[in-house]
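Engineer: I need the structure of the sequence given here:
(3 chains)
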Amino acid sequence: MEVINLILSLLLHPSIFVPLIFPGLITILVVIILLIWAERKIAAKIQMRIGPLYVTRRFGGVLQLLADLLRYMFAELIISKDSDKLMFIASPIIALTVTLLPLAVIPAGSLLGIELIALRTSIGLLAALTLLSLTPIFIIVMGWASNNKFALIGSLREGYLMISYEVPMYLSALSVAILHGSLDIVNVVNNQQRIWTALINPFAAFSFFTSMIMSTSRFPFEITESDSELVAGPYTEYSSILYGLVMGVPYMRLYVFALLFVDLFLGGWHPTIDGFSSIILISKVLIILLFSVFLRSVYPRYRLDQAIRIGWHSLFVLSLISIILSLLIIGFGGISGC
Amino acid sequence: MKVTLLKSQNSGKEIELFIGPQHPASGHMRFIGRVDGDIFTKFIPDPGWVHRGIEKIAENRKWIQIIPLVERAAILDAANMNIGYVIALERLLDIEAPPRAQYLRTLLCEINRITSHLYGFGIAGIMIGSSTFYMWPFADREPLIDIAQLITGARLTYSYIIPGGVRRDLPQGFKEKALKALKYIERRLNNDYFRLFFDNPVTKARYKEVGVLKEDDAIRLGIVGPNLRASNVKYDVRKVEPYAAYSELEFDIAYREEGDCYARLMVRVEEIKQSIKIIRQILDKIPQGPIIHKKYEKLISLKKLEEYQKTGVFGLPAIFATLRPPAGEVISRVEAARGELIFHIISTGDLRPYRLRMVTPSFRNIVLFRELISGARVMDFPAIYGSIDYFPPESDR
Amino acid sequence: MVAKIISNFYYHIRAMLTGLRYLLSPGVRITLKYPDELLLLPENYRGMLKLNNELCIGCGLCSQICPAGALSLKLFEYEQTKQIRRHPEVDYKRCIFCGFCVDICPSKALELTGIHDAAFYVGDELYYEVDRLITGPKIDLPCKKSKYVVSEIDEVRGIVYRNV
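Structural biologist: The predicted model follows:
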C-alpha cells in the first residue's frame, strides 16, 4: 500500500506528469496518430476520394498509422557503407529527444487539481524558444551523415530556411513579452483574462504563425522534404523504424509550437473551468493543428529563394512593426488601461 | 552527343546530379545536370529508357495490325496517333471517308485532346507540390472516358479509326450524356480550377517569368504545339492544312504572348474551352449517312450488312486481312494534343510497309530542356517540366 | 504595392475558402469501392471472347488480323457427331482486347462478353482451348457482399454510381 501510494504521488508530481503523460510523451503519441489520420482524411475529402478506410473499417480507418508503424518495424534497416554510421543512427534519436525538451517550461493549465508546469522560471519564454531552435541542427546532420547528394541539397535548404524564420519568431515573442511585461509564460497567460493577445497585436500573431508553418515543413513551405523533387530531402536514406521516427519529428515539433502559440496569443486556458482548464487548452491546440494540416490540400510549395525573401521582407518587417505597436500600447497605459 | 560524366569542371565546385528514371519528378527519363550552388550550369536530357522499337516492329506487321501499335506510342492521345496513321494510309489507297465518318473522327480526337490536357495539368500540379490539383484533373477525366467508352467500347485504347471510315456508329442517347459531361467540365474549369490553383499566389510565383521562351528561339529550335503558341506564334495544323471535319467547324487558335510557364498553362486551358466548343458544334451539325467508304461497304457478308443497318456496328471488311496498297511514299500531318505529329510511310505494294517513320511532338520539344533549364534554379526544374507537358513514351517510341 | 498585398491576401483567402467548401460539403466522392461494388459495363464493352461453334466456318480471318498473335486455329473433334472442324483458340497472355477478330468474322461467330476482370491462379489457365472458348469466361463474385452498380454521368458531381 505504501509503495503504491509512493509511486502514485511520484507520478502525479508535475515534473513527472507533464513531460511523460500530459501534455507530454503519451499524449503526443496519441495526438500524432490521430493527426496524421486526420491529415490524410481531410486531403482525401477535398480531393473527392476516401482516404484510409480498411484498417478499422467501422471507425473509418482511424488506426491506419499503427498499422504503418508495425510495418516499418518489420522492414529491413539499411545503413549504407559510406555513411557516417554513428551520426546516421544517432541523429534521429537525438532530434526526437530535443524536440520534446521545451515541454518542460510550457504551462498547460490545471487538471484534477495539479498545476501542469514542470519548471517555472522567470525566463520561461526565452528557455522555450531556445530549446525549440535545437532540432534543425540535427536535421542538417542527418543530411550530411547520409552521404547522398540529394540529402545534402535537402539539408542545405533546411539551413537556409532556419536562419530566415528564427529572427521573426524571436521578435514576435519579444513583442508579446513587452506587451505583458514579463518573460514568464504563466504570467502572460494569466494576463489575457479579458482579451487575447492576437486581437490586440495581430501582426505578431500572423508573423509567429507563419514562422511556425515555415519551421515545421507544412505547405506552402514544405521545401526541406519536397517529396516530388528531391526524393525526401535529408530523410532519403532512412528505412524501417528510423523512417517512422523522422516522419514523426516534424509533427511533434508542430504540436509543441502550437502549445506555445496558444499560450502566447490565444489566451491559453482562459475562459477557464476550475480544475479542468487543460481541456480548453487542448481544444484550442487541436484547432490550430487541424488548420495547419489542412493547408496541405490547398497550396503548392514555394521556391527556396521566394521563401527566404518572405522571411526577410515580409515577416521581419511585420515583427518590427509589432514591436513598435507593443511599445505604443504600453506607452498609452498598457492593457488594463485601455 | 558525347557527354563526359566523370570529369568535373571548375575544380570540383559543381555537383553532378543524376535525376534518374526512378525519381519522383522525372517521369520515366534520365537527366544529367551540373549544379553550382542553386543554379544549373548545364542540363542534358538523356532519352531512350522507354524505347520499344515501334518503327521496327511496324515493318513486320500487316497494315491494319499497325493501328493498335502506333496508338500505344502515347496512349493518352490514342485517337490522334490513330488518325495520323490512317490519313497517311488513305492517301496511299486514294480513298476518302464519308462526311459522317469525318465528323465522328473529329469528335473522338477532340475528346482525346481534352483528356490529354487534363492529364498534363495533373502532372504540372504534382510537380510543384499541389496534391489536390493532381487528383482533381484525374477525377475529371472520368466522365469523358465514359463518353469515349460509349462510342468505341474501350476506355483508353480505342482503335476506332480504320481506313475508309470508323468501326461503329453513335449509340442511342449519346448526345444528352455528352452534353452533361461537357457542362460538368466547363463548370469545374471556370470556377474551381482558377480559385484553387491558377489564381493562387503561390502558383503564380512559381510559374510567372520562369522558363521564358522567346518567339525567335521558338521558331529557330522547331518547337511545336501549345509551347509554340504560348510564344506568340499562331500556328495550328488544324488551320494550316485542315483534315477530318475541321474545315467546316468554327474555332479560334489559342495563343499568348509572354512565353513563360504560366502562359503555356493558360494556352492549354483555352484549348480545352475551344475543344468543348467544337464538340458542341459536332453534336449539332453531324450529317446522316454511311460510316464507311462505299468500296468497302459492299465487301462484308449479308448477315453483317443487316446488322449494320439495324445497330450501326460495322466492323471490318475481310479484305483488311490481306490489304495491299499500291507502292508509293506519303506524308501526313495532324495536330496531336502536344503538337504536330508527322507520319512518313514508304510502301512497296506488299502486305507490310517497307518503312514507317513517326515524328512525335514530344521528341521535337525535348530540346527545350537543354535551352530553358540551363541557367535556371534547381527548384525551377519541376515547374518547367510540368509546363512543357513532355511525355517520355511518346518521345522514345 | 499596397494594392498588390491586398489582392494577394484576397486570393489566398479565396483558395482556402474553396478548400473549406469541399471539406464541409456532404459526400462528393468519385471512388468506386471495389470489391464491394462491381461495375456493370455497358453492352458494347470489349471484353473477353465467346465462340458460337455452329456459326464458325473455320476461315481463319480472325487469326490473320489479330495484331498480337493471340488467336490460332486448331482442328477440333466433336464428341457426339465425330465431326472435325477448325475452330480458334485464344491466348489471353497476348490478347490486347482490340476487338478486331470480332469485327472481321464474316459469320459473326465470335462475340464479346463484356467480362474484363477474370482472374486466374495458374498461368496455363490463360490459354482458352476450343471447348472452354465455346463455354465462355465466367467470374465468381470476389466477396460475399459484392453488388453490381452502374455508372451515370451527372452534371453536378461528375460520375455517380447507382445500384442496379
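Engineer: what helix or strand is B:Gly120 on?
Structural biologist: helix B:99-127 (DSSP states H and E).
Engineer: now the helix or strand following that helix and helix B:99-127, what's the angle there?
Structural biologist: Moving toward the C-terminus from helix B:99-127, the next helix or strand (DSSP H and E) is helix B:132-152. Angle of helix B:132-152 versus helix B:99-127, following axes from the mean of the first three to the mean of the last three C-alpha atoms, to 10 degrees, is 160 degrees.
Engineer: all helices of the stretch 201-338 of chain A, in order?
Structural biologist: Taking DSSP state H, counting those that start in this stretch to define them, one finds helices in the stretch 201-338 of chain A at A:202-215, A:240-265, A:277-294, A:304-309, A:316-331, A:334-337.
Engineer: again, but for the stretch 251-397 of chain B
Structural biologist: Counting by DSSP H, counting those that start in this stretch, the helices of the stretch 251-397 of chain B are B:261-285, B:294-297, B:302-311, B:361-364, B:367-373, B:380-388, B:392-396.
Engineer: does chain C sit close to the longest one?
Structural biologist: Spelled out, it's helix B:261-285. No. If you take C-beta under 8 Å from any C-beta of the partner chain as the test, helix B:261-285 misses chain C, and the best it gets is 14.0 Å. From N, CA and C alone the C-beta is placed, and that goes for glycine too.
Engineer: For C:Val90, which non-adjacent residue is spatially closest?
Structural biologist: With C-beta to C-beta, 6 or more residues apart in numbering or on different chains as the criterion, C:Val90 has its nearest non-adjacent residue at 4.7 Å, and that residue is C:Tyr128.
Engineer: Enumerate every residue touching that neighbour.
Structural biologist: For C:Tyr128, the contacting residues are C:49, C:89-92, C:137, by C-beta atoms under 8 Å, 6 or more residues apart in numbering or on different chains.
Engineer: What is the helix holding B:Gly120 packed up against?
Structural biologist: helix B:78-93, helix B:132-152, strand B:165-166, helix B:261-285, helix B:380-388 (3 or more C-beta pairs under 8 Å, 6 or more residues apart in numbering or on different chains; DSSP states H and E).
Engineer: Quickly note the distance from the residue nearest to the spatial centre of chain C to B:Leu144.
Structural biologist: With distances taken as C-alpha atoms, centre = their mean, the residue of chain C nearest its centroid is C:His116 (3.6 Å). Distance, C:His116 to B:Leu144, by C-beta to C-beta, to the nearest Å: 20 Å.
Engineer: returning to what we had before: pull out the buried members of the contacts of C:Tyr128.
Structural biologist: C:49, C:89-90, C:92, C:137 (16 or more other C-beta atoms under 10 Å in any protein chain shown).
Engineer: what's the closest of these to chain B?
Structural biologist: C:Leu49 (13.4 Å; C-beta to the nearest C-beta).
Engineer: in the stretch 51-200 of chain A, which spans are strands?
Structural biologist: A:110-111, A:114-115 (DSSP state E, counting those that start in this stretch).
Engineer: Quick check: which ranges of the chain have low pLDDT?
Structural biologist: Chain wasn't specified; assuming chain A. A:113, A:226-228, A:230, A:334-338 (pLDDT under 70).
Engineer: Wait, chain C was what I had in mind.
Structural biologist: Filtered on pLDDT under 70, chain C yields the residue ranges C:27-28.
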